[in-house]
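Novice: have a look at this prediction, sequence included:
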2 protein chains.
Amino acid sequence: MKKTIICAFVVLQATFTWAQQAIFGAKAVVSPEIHEDKSVTFKIKDSLANTIAIVGDWLPRNGYAVEPAKMTKNEEGVWTYTSTPLTSDLHTYQIKVDGLITTDPSNPFVVRDVATLYNMFIVPGGNANEYLVQNVLHGTVSKRWYKSTGLDMQRRLSVYTPAGYENSKENYPVLYLLHGAGGDEDAWLALGRAAQILDNLIAQGKVKPMIVIMPNGNVIQQAAPGEGIKGFYQPQFMMPKTMNGTYEETFNDVMNFVAANYRIKKGKENTAIAGLSMGGYHSLHISRYYPNTFNYVGLFSAATLPTKDKISPVYEHIDETLKKQKNNGYKLYWIGIGKNDFLYKSNQEFKQKLDSLGMKYEYHESDGGHEWTNWRDYLILFLPKLFK
Amino acid sequence: MKKTIICAFVVLQATFTWAQQAIFGAKAVVSPEIHEDKSVTFKIKDSLANTIAIVGDWLPRNGYAVEPAKMTKNEEGVWTYTSTPLTSDLHTYQIKVDGLITTDPSNPFVVRDVATLYNMFIVPGGNANEYLVQNVLHGTVSKRWYKSTGLDMQRRLSVYTPAGYENSKENYPVLYLLHGAGGDEDAWLALGRAAQILDNLIAQGKVKPMIVIMPNGNVIQQAAPGEGIKGFYQPQFMMPKTMNGTYEETFNDVMNFVAANYRIKKGKENTAIAGLSMGGYHSLHISRYYPNTFNYVGLFSAATLPTKDKISPVYEHIDETLKKQKNNGYKLYWIGIGKNDFLYKSNQEFKQKLDSLGMKYEYHESDGGHEWTNWRDYLILFLPKLFK
C-alpha cells in the first residue's frame, strides 16, 4: 500500500508544472549551513555568473562598505564560501552576482530593513539562544487595527500576549515597545525577535508575563508597507512628521485602545515604554508628555538629538515636563548605547541634561553601534527589570 | 526650525554606515511599476551581468519551463522590461541574473512557496480588488499555539477574527481553511490573501462575519518553517504522514481548542471546512471522519486521488462514512477545479463516486490549473454561500 502512495506522489510531481505554481521548489544545495564551530558555509548552485560573493554583516569593512567575500566554483559548478566562526547572533547577508546585490535563492528566510530584503540565519549560543523558538509555551502574536482619533486613521499594531493570557482572568502589565525610523509594527517581531525573547525569558521565570504592544510610529502610515491602503510601495527611511510631536500627542489613542481591549493592570507601576533609535526618542518624549503614566522607560540607542536648541516642537517645555516626570516619580529610566553608535555623543549630552535636572537613570554602555544586535541585547537586559 | 530638523537628519544619514544596519536602503529605481493599462515595468539598476531576465507567472511556457523575458540595458545602465497588459491578479516573478534565479532587489514584497521566494505585486481590477487592503474595517490576524494531544505537540495556527469581534459579546460561525502540500498556517494569508478577502467581502455585506481558522496540516510540523523548534531549515514539499489519516484523526484537537478559546456559534449549521489541494483532501476526509460536524464543505482543486483502491489508510470505510455524512445532512458540498488542473480527472472520478452515493454537490469548473489565482477565486465564490 505504501508503494501506491509513493506512486501517486510521483505522478503528482511529474505532472506538476511551473504553470501550476512552483510547489516543487526544493533546491539542490543547502545554504547557509551552520557548523559546530559557528563557521557558516554558503552555496549557490551553478550559474553563468563570472563572480558571486557574500555580503554579510560580519565581514570586514572598507570605509563604510562591506568587503564582499568571494565564493569559489567547484567542479560540480557549485559556488561555495565558508566564513570564519561567527558570533552567536542573528546575522543578515545578501549575495552579489556580477555586481547585483540580491538574496540567496536557497535561503527563504528573509527580513526586511526599510526597503531591502536580507537573508537571515541565527548562530546559536549566548543571547542568540533567546532568539530561537525553544520548547516552551508560546504567547500569541496578533496584528490588530485601532482607530486613531488624533491621526484620523485606522492603524495597525502588533500585540504579544503571553502564554496563558487567553485562558486566565488575570490582568497583566503592559510594555509599549517602539521601532526606529524606517521600521514599523513588524520590526521588533522580525528583526528584534521580541516574541521569542519574551517566550523564553518568561518561561525561565526571569521576566514577568506581560502584554507587549508594538505600534506603528510613522504617523503618516496606517501600517507596515504593503499592509495598508497605500498598497505596495517602496518603503522609505524618512517619514515626515514622525519627530515633531504628533506621535507623542496622539499616543493616548494607542493607550486607550489597549485599556479598552486587553486585561491590563492599570497604573504606572504596571506600565512601561521603550524603543530603539527613533522609538527611543518617542519613548523619551511620550513618557514626559504623559508624565505620570510610565514607571519604566527604556531608551535603546535613542535619537535624543541635540536638546539645547529646540529643533522640533516636541522639545518645547522639555525641562518642565521632565521635572514633572521626576516629581511624579518613576522606578527606572534606562539608557543603553553602543560605544560606536553615531548617537553616542548626543546620548551623553542627554545624560548631562538628566543629571542637571537630578533625574536618576540606569546607564548601560555596550560595544558596537546602532544595530539590532544591541537592541535585542538591551531588550534582554531591560525586560527582567520590569514590574518587580 | 524646519531647516534644523532637516540638518539633523542629514547628519544622521551621513554618519550612518552599513555597519550600523542598513536603514538607508532606498533604491535608485522603482520596480515593479504597474501602469494604467495593466502592463508592468521592471527595472534593475546597473550591474555587471551579461544578461538579466524576468521570470514571471504570466509569461509563455516552453513545455514546463517559463520563457524568461530578457531585459535591456539603457545608456544609464538601467535594465528594463515592460510586460504586455497583465490580468488583474496577484502575480509572482523572479529575476534571472546570468543564469541565477533570485529576487528583484528593488521589490521587498515577497511570498514564499515551499522553499522559494517570489517577488509579488497585485494588478488591480476584478477579484484582485478584494486582495488589496481597502478602506474598510479590518479583522485581527493572530498566530496562536495550541496543544495537540493527538500529535503530542505544541502547534501553531493562524486565526482571523472579523472586525468587531473583540468588542462584541456575539458568537460567530467558524470556517476551517486548510492549505495545500508544501504550505502551512501562513499560506492562506500570504498567497491566499484570505484576511483581505474576508475584510472586503464582509464590509460589502456579501459574507457573514466569521472566524477563520488556518491550521497547519503537516502533522510532523509544529509550525511554518522557521517558526517552530526545528528552526530555519529548507522547507519541503513532501511532508510524511500528512495524507495517511493522522491529521483527520487528530483534527478534534484543533476544534476543541477553537471551541474553548473563541466565541463560536456551535453546531454544524455554523461550521464549515474548506481547503486547497492537500487541504481539499483533508477537508473531504475530515468532514466524513466527523460526519455530523460540517454543514459546508469546500474542495478547491482537491487532491482526491484515485479512490477506487485504498491507497492510504484514510480511505478505509470511505463509502460508509460518506453515506453517514449524507444521511446526517449538510447544506453545501462545493467542488471547484480548473480545466487544466492535473487533478481534473480524479475530481471527475470523485464526482462519480458522490453521484453513485446520491450525495449532492455544487460543482464549479474554471479555467486554469492548480494555482493560487483559482484558489483565491474559489474562496471568493465559496464564502458568500456560508452560514445563510
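Specialist: Alright, I've got the coordinates.
Novice: only C-alpha atoms for contact and neighbour calcs from this point on.
Specialist: OK.
Novice: in chain A, which residue sits nearest chain B?
Specialist: Closest contact between chain A and chain B, by Cα to the nearest Cα, is at residue A:142 (4.0 Å).
Novice: which ones are touching that residue?
Specialist: Neighbouring residues of residue A:142 by Cα atoms under 8 Å, 6 or more residues apart in numbering or on different chains: A:158-160, B:140-143.
Novice: domain map for chain A?
Specialist: A:29-124, A:131-385 (automatic domain parsing).
Novice: in CSV, list those along with distance to residue B:43 and mean pLDDT.
Specialist: What follows is the domains of chain A, written out as CSV (distance: least, Cα to Cα, whole Å; pLDDT from 0 to 100):
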stretch, distance to residue B:43, mean pLDDT
domain A:29-124, 12, 95
domain A:131-385, 13, 95
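Novice: so where's the longest helix in chain A?
Specialist: helix A:246-261 (DSSP state H).
Novice: picking up where we left off before, check whether the residue of chain A closest to chain B sits in a helix, strand or coil.
Specialist: The three-state label given to residue A:142 by DSSP: H, G, I helix; E, B strand; the rest coil is strand.
Novice: same check, this time on the one 5 residues further on
Specialist: For residue A:147, the secondary structure call by three-state DSSP comes out as strand.
Novice: that one - nearest residue in space that isn't next to it in sequence?
Specialist: residue A:154 (4.6 Å; Cα to Cα, 6 or more residues apart in numbering or on different chains).
Novice: return the distance of the residue of chain A closest to chain B relative to residue A:55.
Specialist: 33 Å (Cα to Cα, to the nearest Å).
Novice: what does residue A:215 give?
Specialist: For residue A:215, the distance to residue A:55 - Cα to Cα - is 31 Å.
Novice: the closest residue to residue A:300 other than its chain neighbours: neighbour count?
Specialist: Excluding the flanking residues, the one nearest residue A:300 by Cα to Cα, 6+ apart is residue A:276, at 4.5 Å. A count of nearby residues for residue A:276, using other Cα atoms under 10 Å in any protein chain shown, gives 32.
Novice: number of residues surrounding the nearest residue to residue A:123 once chain neighbours are set aside?
Specialist: Leaving aside its sequence neighbours, residue A:123 sits nearest to residue A:88 (Cα to Cα, 6+ apart; 4.7 Å). For residue A:88, the neighbour count with other Cα under 10 Å is 16.
Novice: test my guess that residue A:88 contacts residue A:131.
Specialist: No. Using Cα atoms under 8 Å, residue A:88 makes no contact with residue A:131, being 10.3 Å away.
Novice: which residues are in contact with both of those two?
Specialist: residue A:122.
Novice: give the contact list for the residue nearest to residue A:123.
Specialist: A:38, A:122-128.
Novice: before we move on, what about residue A:63?
Specialist: Neighbours of residue A:63 in contact, by Cα under 8 Å, 6+ apart: none.
Novice: how far away is it from residue A:372?
Specialist: Taken as Cα to Cα, the span from residue A:63 to residue A:372 is 20 Å.
Novice: residue A:155 now?
Specialist: Separation of residue A:155 from residue A:372 (Cα to Cα) stands at 25 Å.
Novice: more crowded one of the two?
Specialist: Shown here are residue A:155 and residue A:372; by other Cα under 10 Å, residue A:155 has more neighbours (22 against 19).
Novice: tell me the SS of that one?
Specialist: strand.
Novice: residue A:297 touches residue A:286, doesn't it?
Specialist: No. Counting by Cα under 8 Å, residue A:297 sits too far from residue A:286 to count as a contact (9.7 Å).
Novice: residues contacting residue A:216?
Specialist: A:155-157, A:178-179, A:184-185, A:222-224.
Novice: hmm, 6 Å instead?
Specialist: When contacts are counted by Cα atoms under 6 Å, 6 or more residues apart in numbering or on different chains, residue A:216 touches A:184-185.
Novice: same question for residue A:55.
Specialist: A:68, A:93-95.
Novice: name the helix or strand for it, please.
Specialist: strand A:52-56 (DSSP states H and E).
Novice: buried residues of stretch A:152-168, list them for me.
Specialist: A:153-163, A:165 (16 or more other Cα atoms under 10 Å in any protein chain shown).
Novice: what's the span of it from first residue to last?
Specialist: End to end - Cα to Cα - stretch A:152-168 spans 34 Å.
Novice: pull the distance from it to the chain's centre.
Specialist: In this view, stretch A:152-168 has its centroid 17 Å away from the chain centroid, taken as Cα atoms, centre = their mean, to the nearest Å.
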